[in-house]
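**Student:** what follows is a predicted structure for the sequence shown.
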Amino acid sequence: MKQRLLAGMTPRVFLRRHWQKRPLLVRGAISGFRGVAGLPELTSLARRDDVESRMVRRRGRRFETVHGPFGKGVVLGRRNATLLVSGVNLHVAAADELLRRFAFVPQARLDDVMVSYATPGGGVGPHVDSYDVFLLQGDGRRRWWIWDLKGKKTGYTVDKGDLLYLPPGWRHDGVALESCYTCSIGFRAPRGAELAAAFLDWLHERGLPDAAYRDPALRPSRRGGAIPAAMLSFADSLLKAIRWSKDDTARFLGEFLTEPKPHVVFRPSARRALAGSDLRLDPKTQLLYSGARFFINGESFVTSKSAAPRLRELADRRRLRGDRLAGAALAGLISDWLRAGYAHLERPKP
């Protein structure tokens, strides 16, 4: 199906032509876009300690950044200031709905919706992102400058409903021409060093080989600064004993990708009958699967073959009729998720 969101291209065509290759500007990508949060809602979020926020002020060619939470007062000033609130999709339903418009990309790659409000002249300065990003303009106009990989500069003025896609590595700079809102839909792209460090921590939690170094036959040293050959052999044999399988890698990756950010807080769901209700995953919940194993908010488990199709459907759609889950003998698991705040029961949609 072709989408106006992607300038009339199907997701397959967009991914082949533009994804991580070249930018795309779509005029009127979302007709009648109303935004996802106004300034009062953004400032309210910026005062909370479970929300990431920052304020950037431009003074000449310098940019000064202050990180939230901002207490009772968020003072932007009349010009050259930007308030940026990350993870708005975790707290505002409209922002979560906007994020899900991009579900043609695997959920494991979806990160968050950051909303910025800028006064005239406001921006964060020229910069390069290491991840893909869609920049959707809300109320007000913004001027974007983009440098291609050869350094050639191009400018675009965007208005409400316009969408700009930028692949990783493309330098860009957006300046508010008037007070305006911009929604930044970002995508997660873990780096190799980040994955390696997290994987070593994951292995450590599960018990790395352990042994105490002993040298009962030690002789007097002639060269005190030299590392003993016996100690090198000990370290070499110990580290060679570290082993992992492809299943270990898959389990680590699933738990890593669904692990909530440190500031995320879940709240228990109100109780109601599973049958006759819709089960909706909390916006903060990430439910993924690989083969027979499922991952939710940093935890992993394996369920029965009969129940797995229903859970895959829930992971893909993020909302499912409760009686379909109850019939798959998942009531106990769902009950645990409700108590943890991972999911909520609501009246079925018509």
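**Tutor:** Perfect, I can see it now. Since the model is a prediction, treat every value here as computed from it, not as a measurement. Numbers count the residues shown, from 1 in each chain.
**Student:** alpha carbons of the worst-scoring helix or strand of the chain on mean pLDDT, as PDB, please.
**Tutor:** In the chain, no helix or strand scores lower on mean pLDDT, DSSP states H and E than helix 322-326, which sits at a mean of 85. The C-alpha trace of helix 322-326 is given here as PDB (Å, rounded to 0.1, in the frame of the first residue of the first chain):
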ATOM      1  CA  GLY A 322      -8.400 -10.500  25.900                       C
ATOM      2  CA  ASP A 323     -10.500 -13.500  25.200                       C
ATOM      3  CA  ARG A 324      -8.000 -14.600  22.500                       C
ATOM      4  CA  LEU A 325      -5.300 -14.500  25.200                       C
ATOM      5  CA  ALA A 326      -7.400 -16.200  27.900                       C
END
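**Student:** residue nearest the centroid of the protein?
**Tutor:** residue 111 (2.0 Å; Cα atoms, centre = their mean).
**Student:** circling back to that earlier point, can you tell me what sits against the least confident helix or strand of the chain?
**Tutor:** 273-279, 310, 313-314, 331, 334, 345 (Cβ atoms under 8 Å, 6 or more residues apart in numbering). The way it works is simple: take the backbone N, C-alpha and C, and place the C-beta from them, glycine included.
**Student:** would you mind writing the CA trace of the following helix or strand past that helix as PDB?
**Tutor:** Reading on from helix 322-326 to the C-terminus, the next helix or strand found by DSSP states H and E is helix 331-340. Extracted as PDB, the C-alpha positions of helix 331-340 are listed here (Å, rounded to 0.1, in the frame of the first residue of the first chain):
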ATOM      1  CA  ALA A 331      -4.200 -15.600  32.000                       C
ATOM      2  CA  GLY A 332      -1.500 -16.100  34.700                       C
ATOM      3  CA  LEU A 333       1.200 -14.400  32.600                       C
ATOM      4  CA  ILE A 334      -1.100 -11.500  31.700                       C
ATOM      5  CA  SER A 335      -2.000 -11.100  35.400                       C
ATOM      6  CA  ASP A 336       1.600 -10.700  36.200                       C
ATOM      7  CA  TRP A 337       2.000  -8.100  33.500                       C
ATOM      8  CA  LEU A 338      -1.000  -6.200  34.800                       C
ATOM      9  CA  ARG A 339       0.400  -6.100  38.300                       C
ATOM     10  CA  ALA A 340       3.800  -4.900  37.000                       C
END
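**Student:** just the helices in the stretch 1-150 of the chain please.
**Tutor:** 11-17, 39-46, 93-100 (DSSP state H, counting those that start in this stretch).
**Student:** nearest approach to residue 225 belongs to which of those helices?
**Tutor:** Judged by Cβ to Cβ, the one of the helices of the stretch 1-150 of the chain that comes nearest to residue 225 is helix 39-46, at 54.8 Å.
**Student:** mind checking which of the contacts of helix 322-326 land in helices?
**Tutor:** The helices, defined by DSSP state H, take in 310, 313, 314, 331, 334 from the contacts of helix 322-326.
**Student:** and which of the residues you listed is nearest residue 135?
**Tutor:** residue 314 (30.8 Å).
**Student:** now do the contacts for that closest one.
**Tutor:** Per Cβ under 8 Å, 6+ apart, neighbours of residue 314: 279, 281, 287, 320, 325.
**Student:** the third one touches residue 281, doesn't it?
**Tutor:** Translated: residue 287. Yes: using Cβ atoms under 8 Å, residue 287 is in contact with residue 281, at 5.9 Å.
**Student:** got any residues that touch both of the two?
**Tutor:** Joint contacts of residue 287 and residue 281 (Cβ under 8 Å, 6+ apart) are 314, 318.
**Student:** turn the helices of the stretch 1-150 of the chain into JSON lines, columns for distance to residue 121 and mean neighbour count.
**Tutor:** Supplementary listing: the helices of the stretch 1-150 of the chain in JSON lines, determined by distance: least, Cβ to Cβ, whole Å; neighbours: other Cβ atoms under 10 Å:
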{"stretch": "helix 11-17", "distance to residue 121": "33", "mean neighbour count": "14"}
{"stretch": "helix 39-46", "distance to residue 121": "17", "mean neighbour count": "18"}
{"stretch": "helix 93-100", "distance to residue 121": "26", "mean neighbour count": "18"}
